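>>> Predicted model follows, preceded by the sequence.
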Amino acid sequence: QVQLVESGGGLVQPGGSQRLSCTASGFTLESYSMGWFRQAPGKEREGVSCISSSGISTYYTDSVKGRFTISRDNAKKTMYLQMNSLKPEDTAVYYCARNRWCAKHGMGAAVNWGQGTQVTVSS
């Protein structure tokens with residue numbers, strides 16, 4: 001049974017940093033692309049970032065380029081999203097996902113989802 005569990009969300013001030021983690025079980029993590037999505041209130045869920053199975057290729061949506069960094073540790077079965085210089089518009093529920101594909105130009109649809117973790121950027 002595939003399970004993805006996010007952690008690390010919470011309240012952070014504008015300009016601050018936060019790191020999200022996603023721990024995977026029930027499948028061989030190193031065989032799959034992984035990604036982060038987010039959904040703000042009243043908005044559609046959007047792809048934020050992804051990382052290929054090897055970790056060589058990464059993708060970031062324009063609004064987070066230069067501020068967010070995705071990484072993975074296959075030995076620990078964990079993926080991370082380091083978020084710096086956070087803005088109020090980054091407030092959303094962040095979801096970890098197993099992706100169909102990930103490349104420098106984009107990310108594929110999610111195959112499995114985590115339960116989500118709330119990130120609130122506010123003073």
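Looks like it came in fine.
>>> tell me the contacts of the most centrally placed residue in the chain?
The residue lying closest to the centre of the chain (Cα atoms, centre = their mean) is Trp36, at 2.5 Å. Residues near Trp36 by Cβ atoms under 8 Å, 6 or more residues apart in numbering: 20, 22, 47-50, 70, 79, 81, 94-97. Using the backbone N, CA and C atoms, a C-beta is placed for each residue, glycine as well.
>>> now, among the residues you listed, which is nearest to Val121?
Tyr94 (11.6 Å; Cβ to Cβ).
>>> tell me what the host helix or strand of the closest one is packed against?
Taking DSSP states H and E as the criterion, Tyr94 maps to strand 92-99. Contacts defined by 3 or more Cβ pairs under 8 Å, 6 or more residues apart in numbering; DSSP states H and E place strand 92-99 against strand 3-7, strand 18-25, strand 33-39, strand 110-113, strand 117-121.
>>> Of these, which is nearest Asp90?
Comparison of the helices and strands packed on strand 92-99 against Asp90 by Cβ to Cβ identifies strand 117-121 as nearest, at 5.1 Å.
>>> can you state the direction angle for the strand holding Tyr94 and strand 117-121?
With axes from the mean of the first three to the mean of the last three Cα atoms, to 10 degrees as the basis, strand 92-99 and strand 117-121 are set at 140 degrees to each other.
>>> Since that was my last question, I'll sign off now.
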